[in-house]
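Asks: any chance you can model this:
(4 chains)
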Protein chains: 4
Amino acid sequence: MSLSLQGVFAALTTPLTGDTIAAEKWRDNIRRYNRTGLSGYVVLGSTGEAVFLSDKESETLVAEAKAAAAARKKIIVGTSREATHLTIQFTNKMAGLGADAALIKPPHYYKSLMSPDVVRSYYLEVAEKSKIPVLVYHIPQNTGIPMDSATIIALSRHPNIAGIKDSSGLLGNLVDVGPAVRSDFRFLLGAGSIFLAGLLLGASGGILALAAAVPELCVSVYSLFREGKLEEARKLQLDLGPLNKALTQTMGIPALKYALDLLGYYGGPPRPPLLPLPENEKATIKEMLAKLGLPAS
Amino acid sequence: MSLSLQGVFAALTTPLTGDTIAAEKWRDNIRRYNRTGLSGYVVLGSTGEAVFLSDKESETLVAEAKAAAAARKKIIVGTSREATHLTIQFTNKMAGLGADAALIKPPHYYKSLMSPDVVRSYYLEVAEKSKIPVLVYHIPQNTGIPMDSATIIALSRHPNIAGIKDSSGLLGNLVDVGPAVRSDFRFLLGAGSIFLAGLLLGASGGILALAAAVPELCVSVYSLFREGKLEEARKLQLDLGPLNKALTQTMGIPALKYALDLLGYYGGPPRPPLLPLPENEKATIKEMLAKLGLPAS
Amino acid sequence: MSLSLQGVFAALTTPLTGDTIAAEKWRDNIRRYNRTGLSGYVVLGSTGEAVFLSDKESETLVAEAKAAAAARKKIIVGTSREATHLTIQFTNKMAGLGADAALIKPPHYYKSLMSPDVVRSYYLEVAEKSKIPVLVYHIPQNTGIPMDSATIIALSRHPNIAGIKDSSGLLGNLVDVGPAVRSDFRFLLGAGSIFLAGLLLGASGGILALAAAVPELCVSVYSLFREGKLEEARKLQLDLGPLNKALTQTMGIPALKYALDLLGYYGGPPRPPLLPLPENEKATIKEMLAKLGLPAS
Amino acid sequence: MSLSLQGVFAALTTPLTGDTIAAEKWRDNIRRYNRTGLSGYVVLGSTGEAVFLSDKESETLVAEAKAAAAARKKIIVGTSREATHLTIQFTNKMAGLGADAALIKPPHYYKSLMSPDVVRSYYLEVAEKSKIPVLVYHIPQNTGIPMDSATIIALSRHPNIAGIKDSSGLLGNLVDVGPAVRSDFRFLLGAGSIFLAGLLLGASGGILALAAAVPELCVSVYSLFREGKLEEARKLQLDLGPLNKALTQTMGIPALKYALDLLGYYGGPPRPPLLPLPENEKATIKEMLAKLGLPAS
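Replies: Next up, the predicted model:
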């Protein structure tokens, strides 16, 4: 597998005008991201409101992203469904549209039946039949399915499982699986606040919602770390803390979309049931961007 | 609203042969259920593996159920999607196929953003635009979204919200909302083990997976209670405890489907990632049915 | 074992004046409770702020309760400690002071190490060495240690384990253990809102914080049920719902103590870190008592 | 406040022979720790089975620790009780025996009543009346009380609150509070697996159970980091991962005590209900120590 999973990937938001996908805005955003140091993009991720999209909208987004993305930018697509066969079908359809890798959550509706064995079987079956490499997606705060290092190590043995995106906010799995997996199994951080800490412990990069708003700053954390400029990397990581927390935890997707609007990207409204950002929170986001010296319009 | 929501509704399983919906088996099962004292059926519920079905399969199941069901049997359909507009679309499509009511879970993927306010807005918007009455579905063990009595009371004020199915296993909400809601707002138990207890506290009936396997026994609990034969009702409720626990908690859908096969219905296999029932658990189910005096083949 | 565990037991609050135990108020309260139909009292329970008391204060409370209680009223004492040997020591010291039974939570500080096996060993060791019968105390919302029916059934086999107080709010364990335990193993409800439902399913009584405020009303629920006056029992149970919820969930011990003050008992202040009841919540409690027709001063 | 809280503190185990405190072993262990680069010791912590000790035993341990510890080694004592006044009393008693600082968990038995306001009031009251500096102890996996950065920042404003030990395994609080607290407010890691990551993000040190077993290796992680030898620090941190996980998560205190026995300290048995380490887990610990090149007897 020659898929390179290093550096910073931005988890992209889905641009809407009113009720519909704003395809032109989507291409514009991506063309602008093409000029950054990002390694690639995640389409149909948690940040992309994937659970609010129809299959047809999902296909459009991936096809357009492939068309607009620079050749060297990888396209990782969130393709999970609850049923094994539906996940495989959708993954391979996305592969046909140009996805470079599939980011896949464990099934999680029937929580009490999702034993580690069932989760493992699911991933192995999907990996076996997927035409593109699979990234395991660990996000227990949304799925209610925690995955421990033993499961991850077992999954890493399948040649078509390329790595894991871990959004748990915990680094224990990274420490635990690091020495036990093959050298090209990649650990990507999903929690922006501990990105640098994860790099230090051996992660190869991150898939960050924060990078949709401030791609260059996220890439700088990565580059400074690689260049050994640890003190500068740390300062930047800590400076990014409040914005990351607002965009990914306390205020979430509506705030991220609002920040994009301020930063020259198209953000637009979230889909209901998500509510637009209240005015007082808009002011907070503006202040945070100003503190980071960003020329927000 | 003239929808009657009293008595026992069976949460139906979805019959498969291999990978595909077994439409004939589905009709056969329903025709057999028509001869019982059930008040109606839930199609596309948690028990029906709804999250494993394509939209097309879902439509087939509802249309066929409507065709096969006796006129007096109500058809309640699980129609929730994460996005508000997709829920409304799907609900009204199902209404067009003959659904009498929609059973709707709260959106739950973005758990940290699903505040009581967001959940309430979602239901009110859906209820406003749904062509059929809406039943709120409280199943926090699967969704991670608990709903308290204040939310339920607020929702009960909308004329198109007909009631709640509560599968939490807790009776606190029933006690709390009972006196505070309009007289035709219905509380339906979703947890078979406390069905009788719920009736005693004012529930009008139940939507039970257990009733897919042993409809007449569930109906008997209800009838005995209504006739004031409390001692007999209690004995039967307690006798049903072990089977209910196995079919809905410890072993789940694969066990329920196996029990159906033994009892003359068509159960068939679950869909992956759910695994077929292991042999030792099959033996347990057989014993449980024998203890209940059921002529399992 | 001839310990009778039937009817309603009040979980008593601990009266304080300023920082110290108000021993006289304690005796006065108990003498007044003696005139009710309560079956007995729980001293040093969760309601009694046991975790805020020194060992010496605890001893005083038990000795005084024994002296003040009518002979036919059972004294159940909360005696759990985290360490096995400390639980045994304290239990037997309380036995020496006149406790009729010990109410014992599972150890819960080291949650990840408290496997069902460890919990079972703990109870069997304590039961073996306790001079008085042991009641298992299931209160997972405080301990974080849920206990399933298999554990309870295993514990019921020890002759010195007299029963269980279940405050989980769930009735599943009652249904599951009912037929599987010896006939004199008692199931006592700890959640006032489902007291009647529990009686219906085979519970022998309840240990209720609500009964510290309105003992006669709680006893009436029990008596009406025993006399087969189900409709009246249900009405009373539902009428008690809001008060029970306020005193045991939303407002807790400070509200219960305030209600006692209104009802002619001595309530007094809670111990810090618990805070006194805010004025607006006091008004709510007053209204609730008025609605129940109680002559609150 | 001149309390220095930098470097590595070992969370000490409590040595027992049979049922009783082995005071001589305790002094021997401490004298041996005196020869390491540890900054100090935590007595009566979670690792020290504090919840299993009588007050008298607790006093003995602190007094003996003070007597045996080298002058430059700080003694931090776990002094929390559920009641505010009992915490203050015990803290000041420990101060009188020579404790340099108090490590204090939030009250947690009445979880539903422990709002952020109540927790804050508790700490401020304790800090006000404590004769020694207070360290907030964040260990939600045991207490069920998570504390967010806003609470920690508010507490940091009290001059007698010296810092926080965070055992949550999360680094979000460290990132969030870092820039918002006074420069001498210390953040100490409690999770050994992310010690180095925490140092990178601004923590001043750690309080580690792992450091009771391998103090010099933990001190090396700290020193290598301070010297800028990041690659070596990382390698050592990752090498320590499996042992740390076994001693603090999967096997816990019994395993840590066993490791001490192998490494020339006195470990001895845990107190019931904790069970002695099974033979197969003993073998695992031996292998882990061997892999680290440690001369285990």
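Asks: whether the helix or strand of chain A with the lowest mean pLDDT contacts chain D - can you check?
Replies: Across the helices and strands of chain A, mean pLDDT, DSSP states H and E gives its lowest value to helix A:172-177, namely a mean of 89. Yes. Judged by C-beta under 8 Å from any C-beta of the partner chain, helix A:172-177 comes into contact with chain D through A:G172, A:V175, A:D176. (C-beta placed from N, C-alpha, C; glycine too.)
Asks: and the stretch 101-250 of chain A, which residues reach chain B?
Replies: A:107, A:109-114, A:118-119, A:121-122, A:125, A:141-142, A:144, A:249.
Asks: narrow those to those in helices?
Replies: Taking DSSP state H as the definition of helices, those contribute A:V118, A:V119, A:S121, A:Y122, A:E125, A:Q141, A:N142.
Asks: which residues of the stretch 101-250 of chain A score low on pLDDT?
Replies: Within the stretch 101-250 of chain A, no stretch has pLDDT under 70.
Asks: about what we covered before: can you flag the buried ones in the residues of the stretch 101-250 of chain A next to chain B?
Replies: A:P107, A:Y109, A:Y110, A:L113, A:M114, A:V118, A:V119, A:Y122, A:E125, A:N142, A:G144, A:Q249 (16 or more other C-beta atoms under 10 Å in any protein chain shown).
Asks: mind putting those residues in a markdown table, distance to D:A68 included?
Replies: What follows is these, written out as a markdown table (distance: C-beta to C-beta, whole Å):
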| residue | distance to D:A68 |
| --- | --- |
| A:P107 | 55 |
| A:Y109 | 57 |
| A:Y110 | 56 |
| A:L113 | 54 |
| A:M114 | 51 |
| A:V118 | 53 |
| A:V119 | 49 |
| A:Y122 | 55 |
| A:E125 | 59 |
| A:N142 | 50 |
| A:G144 | 48 |
| A:Q249 | 45 |
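Asks: just flag the most distant two among these.
Replies: Greatest spatial distance among these (C-beta to C-beta): A:E125 and A:Q249, at 33.2 Å.
Asks: confirm A:I152 sits in a strand?
Replies: No. Assessed with DSSP: H, G, I helix; E, B strand; the rest coil, A:I152 is helix; it does not lie in a strand.
Asks: residue numbers of the stretch 101-250 of chain A in contact with chain D?
Replies: Contact residues (C-beta under 8 Å from any C-beta) of the stretch 101-250 of chain A with chain D: A:169-172, A:175-176, A:178-179, A:191, A:193-194, A:196-198, A:200-202, A:228, A:230, A:234, A:237-238, A:241-242, A:245.
Asks: again, 6 Å this time
Replies: With C-beta under 6 Å from any C-beta of the partner chain as the criterion, the stretch 101-250 of chain A meets chain D at residues A:169-172, A:175-176, A:178, A:193-194, A:197, A:200-201, A:238, A:241.
Asks: with neighbour count added, can I get the residues you listed in CSV?
Replies: Below are those laid out as CSV (neighbours: other C-beta atoms under 10 Å in any protein chain shown):
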residue, neighbour count
A:G169, 19
A:L170, 21
A:L171, 28
A:G172, 20
A:V175, 28
A:D176, 22
A:G178, 18
A:S193, 27
A:I194, 32
A:A197, 25
A:L200, 26
A:L201, 23
A:L238, 18
A:G241, 21
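Asks: of those, just say which sits nearest to chain B.
Replies: Taking C-beta to the nearest C-beta as the measure, chain B lies nearest A:G169 of those, at 12.1 Å.
Asks: for D:S168, see how far away that closest one is.
Replies: 9 Å (C-beta to C-beta, to the nearest Å).
Asks: from the residues of the stretch 101-250 of chain A next to chain D, which is closest to chain D?
Replies: Once C-beta to the nearest C-beta is applied, the member of these that ends up nearest chain D is A:A197, at 3.5 Å.
Asks: in which helix or strand does that closest one reside?
Replies: helix A:195-200 (DSSP states H and E).
Asks: cool, and A:I207?
Replies: Counting by DSSP H and E, A:I207 is part of strand A:205-208.
Asks: mind giving me the packing neighbours of that strand?
Replies: strand A:7-11, strand A:186-189 (3 or more C-beta pairs under 6 Å, 6 or more residues apart in numbering or on different chains; DSSP states H and E).
Asks: distance between the last one and the chain's centre?
Replies: Put plainly, it is strand A:186-189. 11 Å (C-alpha atoms, centre = their mean, to the nearest Å).
Asks: show me what stretch A:247-264 is in contact with.
Replies: Here stretch A:247-264 makes contact (C-beta atoms under 6 Å, 6 or more residues apart in numbering or on different chains) with A:13, A:209, A:213, A:246, A:267-268, A:270, A:274, A:276-277, A:281-282, A:285, A:296-297, B:113.
Asks: make it 7 Å
Replies: A:13, A:47, A:49, A:192, A:209-210, A:212-213, A:246, A:266-270, A:274-277, A:281-282, A:285-286, A:289, A:294, A:296-297, B:110, B:112-113 (C-beta atoms under 7 Å, 6 or more residues apart in numbering or on different chains).
Asks: how about it: buried residues?
Replies: So stretch A:247-264, judged by 16+ other C-beta under 10 Å, has buried residues A:247-249, A:251-263.
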